[in-house]
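K.L.:
curious how this folds, go ahead:
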Amino acid sequence: MAGKTIKASAKKTATKTAGEASASTEPVLLSGGNPQIAKGYGDAPVQAYIAAMPGWKSELGARLDALITSAVPEVRKAVKWNSPLYGLKDDYWFLGIHVFAKYVKVAFFRGASLDPVPPGTSKQKEVRYLDIHEDDGLDEARFTAWVKQAAALPGEKM
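P.N.:
Model (predicted):
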């Protein structure tokens with residue numbers, strides 16, 4: 001799978017307002033299209049978040065989740081602050097995902113220690129980001145290597 005890239009498909013979905021969502025079981029999409037999912041631990045809230053990601057982002061979210069789970073089979077999952085988090089110990093996380101209007105942001109909480117360092121910088125010294133836009137390819141081999149490296153580092157307490 002080295003060097004394999006995937007492209008997100010261009011499915012479109014409608015955004016519900018808070019009033020519309022309260023009348024249905026669909027989650028509210030916050031500013032930028034980020035799903036509002038209740039705080040929770042385990043796979044179920046993460047899968048609810050992924051299912052609620054609008055358009056092409058849901059397929060990308062499912063692929064990222066599968067790559068993370070495959071790379072770190074003992075990974076623990078949670079949704080906090082409307083973002084899926086991945087770690088190995090309770091409340092210690094090595095990676096998070098967040099939806100924005102035009103891209104999905106993957107945060108490596110100790111990303112400055114990864115080799116190579118992910119491209120997106122942060123105001124926080126250790127955090128590095130990978131922003132994935134609709135037409136971007138995802139280098140699955142590099143992403144998986146980053147996930148394995150990140151999981152081997154001390155997690156961020158949140």
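K.L.:
residues in contact with stretch 80-91?
P.N.:
Residues from elsewhere that reach stretch 80-91 (CB atoms under 8 Å, 6 or more residues apart in numbering): 30, 34-37, 39, 45-46, 49-50, 61, 65, 68, 72, 74-79, 93-98, 151, 155, 157-158. Every C-beta, even on glycine, is put in place using the N, C-alpha and C of the backbone.
K.L.:
which SSE is the residue nearest the centre of the chain in?
P.N.:
Computing the C-alpha centroid of the chain and ranking residues by CA atoms, centre = their mean puts Ile97 first, at 2.4 Å. With secondary structure defined by DSSP states H and E, Ile97 is part of strand 92-99.
K.L.:
narrow the contacts of stretch 80-91 to those in strands?
P.N.:
In this view, the contacts of stretch 80-91 that belong to strands under DSSP state E are 76-79, 93-98, 157.
K.L.:
return the member of these nearest to Ala112.
P.N.:
Nearest to Ala112 among these: Phe94, at 12.8 Å, using CB to CB.
K.L.:
so after the lowest-mean-pLDDT helix or strand in the chain, what's the next helix or strand?
P.N.:
Among the helical and strand segments of the chain, the one scoring lowest on mean pLDDT, DSSP states H and E is helix 18-22, with a mean of 42. For helix 18-22, the succeeding helix or strand toward the C-terminus, using DSSP H and E, is strand 40-41.
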